[in-house]
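> Sequence first, then the predicted structure:
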Amino acid sequence: MIDADPLAEVELRELVPAVIGVLVGRGADFATAEDAVQDALIEALRTWPEDPPRDRRGWLVTVAWRKFLDIIRAEDSRTRREERVVAAALAAPVTSAEPGAHGARNADDTLDLYFLCAHPRLRPASAVALTLRAVGGLTTKQIAEAYMVPEATMAQRISRAKATIAGRRLDRPGDLSSVLTTLYLVFNEGHSGETDLVAEAIRLTRRLGTMTDSAEVDGLLALMLLHHARRAARFDSAGRLIALADQDRKVWDRRLIGEGIGILQAALARDHLGEYQAQAAIAALHADAQHVDDTDWVQIAQWYDELLRLRDTPIVRLNRAVAVGEADGPAAGLAELRGLDEDLPRYFAVEAHLRERSGDLETAARLYARAAERAASLAERDHLNRQAARTRSGREPR
Amino acid sequence: MAKYLMLKHYRMPEQYMDYTPMDQWTPEEVDAHIAYMNAFADRLKDSGEFVDSQALQPDGTFVRSGGAGRPPVTDGPFPETKDLIAGWMVIDVENYDRALELAAELSAAPGKDGEPINEWLELRPFLDHAPCVDE
């Protein structure tokens, strides 16, 4: 593997969408081309560390094309029905000027792939898997490990996803919002195993930003960078989750915060507000506060109002209640909770926090314990149990 | 996606055991039951929702520490009345409704006279890893 040199592996990954584009440009269908490039990628990961080619892209194109011919020949000898396709593919020029040989065309091909792999007809999990493989250049094994399912299961998910979109032309301009949803899912779910899906989501969003002209793509990139900047502060050395208010802000990555805020400001200046920009604005206001007490909760609450205008969901209302509770006092926050369903994820955690702020430690302790029972993750459950124990013993937050 | 554990029990409290026990089926009925289970697992593998499946032996032991420097304390085999896990399947599915649908399908495996046994299964969500967004 190219494990020893993670940068080399990322470079290799970056070539993948372009090589798929070359094969499709030569007349290959997307599903088979993608399989062929995956096979070539696996061979590259195996052989390059010992024997790196001088022209990496050329090597990948050549090997992927060979794999493609192998696949269709095998299919053909099985079915004897696709002779025409094979003949056409075999007749295609191999060394002459490629449609995908130039930068601009390359970017177009890659953008098409983003749209295709996040096609609205795909279930979110399928779009995630296909995007990571075809656009991200990850192997099925890496994706399976990251999502903790068997490789065969992930392979199946990918091939079914390809069957779902078979025959669909890359319908430009495509649905950018489903691409953003897919990338945010990768970011938000991914940080288990060896493959850093957070870094991968940022890389893919950054790249998308170079190919599109959308304030929301930049908004999403800013949001990711701002959240990622806090990564090191989110857990202590014992692996315990640390709430935003209790994080050591000196550990936040100021470089990433600076970059995120810069990208966000440029996006906001274009005056096409969207939900990712609004969320990034909230993250930026948190990042701006040197100390938790410096947090500008009034502005954060205003941004939640904007977010509500763009997308009125119970989750946004719940998060807004926290901001209102800080800006206008816990009673105002608790008033915002009225009318929200107790079954909402984190409802009891929010209410517990507001009750604690209002001085009702007994109720807070009971609600933290209840929130712990319903936590969706182990780290959150442990955190909420600690909060319950802390409030029960009458201690201040750290 | 969300992972769920589907637990199958050897023995359950009386009120949950309303089908003829397997030892009173014909060998063909046992075969049909197993074939149904295997076909079910194959379909999940095909749909990309399968994670794991294991069966457990019925004889187990309760164990606890006997204190520092002392041997572990055991209690077992399990008394007849205790429920006993026979095995599990782990699935990774789009949502809770899909998990329910699959559990119901598995529960309807054929038993005596080829009738669905509609046994009770236990469906438990996994605790996930923490999300990367913390506001």
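In hand now; what should we look at? If you're wondering where the values come from, they're calculated on a predicted model, not measured in any experiment.

> so what does the helix or strand bottoming out on mean pLDDT in chain B touch, helix or strand wise?
Lowest on mean pLDDT, DSSP states H and E among the helices and strands of chain B sits strand B:73-75, with a mean of 86. Contacts defined by 3 or more Cβ pairs under 8 Å, 6 or more residues apart in numbering or on different chains; DSSP states H and E place strand B:73-75 against strand B:62-64. For glycine as for every other residue, the C-beta is placed from the backbone atoms N, C-alpha and C.

> Can you spell out which helices and strands pack onto the strand it packs on?
If contacts are counted by 3+ Cβ pairs under 8 Å, 6+ apart, strand B:62-64 sits against strand B:73-75.

> re earlier: let me know the next secondary structure element after the least confident helix or strand of chain B.
Proceeding N to C from strand B:73-75, the next assigned helix or strand is strand B:84-93, under DSSP states H and E.

> Direction included, what does that following strand pair against?
Partner strands and pairing direction for strand B:84-93 (DSSP bridges) are strand B:2-11 (antiparallel), strand B:50-55 (antiparallel).

> Could I get the buried residue list for the last one?
Judged by neighbour count using 16 or more other Cβ atoms under 10 Å in any protein chain shown, the buried positions of strand B:50-55 are B:50, B:51, B:53.

> Show me what it is in contact with.
Strand B:50-55 is touched from outside by A:148-150, A:152-153, B:3, B:41, B:44, B:86-92, with contacts defined as Cβ atoms under 8 Å, 6 or more residues apart in numbering or on different chains.

> Just give the closest residue to the closest residue to chain A within chain B, not the sequence neighbours.
At 3.2 Å from chain A, residue B:48 is the closest residue in chain B, using Cβ to the nearest Cβ. Leaving out its chain neighbours, the residue that sits closest to residue B:48 by Cβ to Cβ, 6 or more residues apart in numbering or on different chains is residue A:157, at 3.2 Å.

> Please look at residue A:18 and residue A:64 and confirm they touch.
No: between residue A:18 and residue A:64 there is no contact, the gap being 10.7 Å when judged by Cβ atoms under 8 Å.

> okay, the two: which has more neighbours?
Between residue A:18 and residue A:64, residue A:64 has the larger neighbour count (other Cβ atoms under 10 Å in any protein chain shown), namely 28 against 23.

> For the helix or strand harbouring the more buried one, buried residues please.
If you go by DSSP H and E, residue A:64 is part of helix A:56-79. For helix A:56-79, burial by neighbour count (16+ other Cβ under 10 Å) applies to A:56-57, A:59-65, A:67-69, A:71-72.

> Return the distance of the helix ranked longest in chain B from the chain's centre.
The residue-count maximum for a helix in chain B (DSSP state H) belongs to helix B:27-47. Chain-centre distance of helix B:27-47: 14 Å, with Cα atoms, centre = their mean, to the nearest Å.

> what bits of the stretch 1-150 of chain A have low per-residue confidence?
Scanning the stretch 1-150 of chain A for pLDDT under 70 picks out A:1-7, A:80-105.

> Near chain B, which residues of it are found?
With Cβ under 8 Å from any Cβ of the partner chain as the criterion, the stretch 1-150 of chain A meets chain B at residues A:123, A:124, A:125, A:126, A:147, A:148, A:149, A:150.

> Identify the residues contacting the last one.
Taking Cβ under 8 Å, 6+ apart as the contact definition, residue A:150 lies against A:144, B:50, B:51, B:52.

> which of those lies closest to residue A:326?
Lowest distance from residue A:326 to the contacts of residue A:150 (Cβ to Cβ) belongs to residue B:51, with 40.8 Å.

> Skipping its backbone neighbours, what lies nearest that closest one in space?
Residue nearest to residue B:51 in three dimensions, not counting chain neighbours: residue B:90, with 3.9 Å by Cβ to Cβ, 6+ apart.

> likewise residue A:38?
Leaving aside its chain neighbours, residue A:38 sits nearest to residue A:133 (6.5 Å; criterion: Cβ to Cβ, 6+ apart).
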